[in-house]
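1. After the sequence you'll find the predicted model.
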Amino acid sequence: MPHPSTTDHTHPRPSLLLTVTADTLVAADFTPRRRRAPQRGPYRRLFTLPGTRAFTIGNLIARLPMGMFTVSAVIMIAGSRGSYALAGAVTATGLAATALIAPWTARLVDRHGQARVAVPATAVAVLGSLALVLCVRYGAADWTLFACYAATATTPNTGGMSRARWAHLLRDDPAALHTANSFEQAADELCFMLGPVLAAFLCTGLFPEAGTLTGAALLMTGVLVFASQRSTEPPTPDRGASAPV
């Protein structure tokens, strides 16, 4: 039959229950186990750092329109001018301009800081989008559509700027940096999937210019929120100290 182990009341020890099953001695320990603290997931731990939630929210708002502008422009121009060839040529010109201007914009961001460059660059891109809407709406010459859409090429690479912040904040934690880069990749794919769907819904469900106007508003708002988080912004290189005396 079971027999509890003896216990010294002055020096308590864990309570054991001893019993015999067939030819086996079994000892059961009923000592209360200490509960382990709940472990946070790797993605949740990223956002315990000060400022990371705010700049991520702003960046996601600014990143969503990246998948909206091309679809919105095609629907808007083709619906107004009746030519998908013209709409495709305008958006292709914008993509070509982006390929030329984007590296230059990124270099300025690295040299002078994200907030100082991203906000005015975004303002120029938003003005280009608004000008495109006006030109389409009021029947301006076709060449104005190319000029306006080319101006949107100054849009900064918000995903790249977000990755730069993570690299700065997690420079001493490679595992956490890997997790942050995985999150950024997932955010990119999500925004590029949702953007065209949202653009098509707005342009067809409301009015043809709705997609472009909504995208411009989201882009400007997101970049302003993102740039306002100065505590997480990577430092710019000290160009004065690089020159030998």
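-> Structure's in. What do you need?
2. What are the boundaries of the strands in this protein?
-> Shown for the chain, the strands assigned by DSSP state E span residues 3-4, 16-21, 24-29.
3. From the chain's centroid, how far away is the helix ranked longest in the chain?
-> Using DSSP state H, we find that the single longest helix of the chain is helix 174-205. Remark: helix 174-205 is offset 7 Å from the chain centroid, using Cα atoms, centre = their mean, to the nearest Å.
4. From the contact counts, what lies against that helix?
-> Helix 174-205 is packed against helix 42-46, helix 52-63, helix 69-81, helix 158-169, helix 210-227, with contacts defined by 3 or more Cβ pairs under 8 Å, 6 or more residues apart in numbering; DSSP states H and E. C-beta here means a position set from N, CA and C on the backbone, and glycine is covered the same way.
5. What separation do you get for residue 83 and residue 132?
-> Applying Cβ to Cβ, to the nearest Å, the value for residue 83 to residue 132 is 15 Å.
6. Next: residue 206.
-> In terms of Cβ to Cβ, residue 206 sits 17 Å off from residue 132.
7. With neighbour numbers in mind, choose between the two.
-> residue 132 (30 against 12; other Cβ atoms under 10 Å).
8. got the contact list for that one?
-> Contacts for residue 132 (Cβ atoms under 8 Å, 6 or more residues apart in numbering) come out as 73, 76, 145, 148, 149, 152, 212.
9. which of those residues sit farthest apart?
-> 76 and 152 (13.2 Å; Cβ to Cβ).
10. Contacts made by stretch 117-131 with the rest, please.
-> So stretch 117-131 is in contact with 62, 69, 105, 108-109, 144, 148-156, 158, 161, 212-213, 215-216, 219-220, 223-224, 226-227, going by Cβ under 8 Å, 6+ apart.
11. number of nearby residues for the spatially closest residue to residue 153 that is not a sequence neighbour?
-> Distances taken as Cβ to Cβ, 6 or more residues apart in numbering put residue 97 closest to residue 153, at 3.8 Å, once the chain neighbours are dropped. Number of residues near residue 97 (other Cβ under 10 Å) recorded here: 19.
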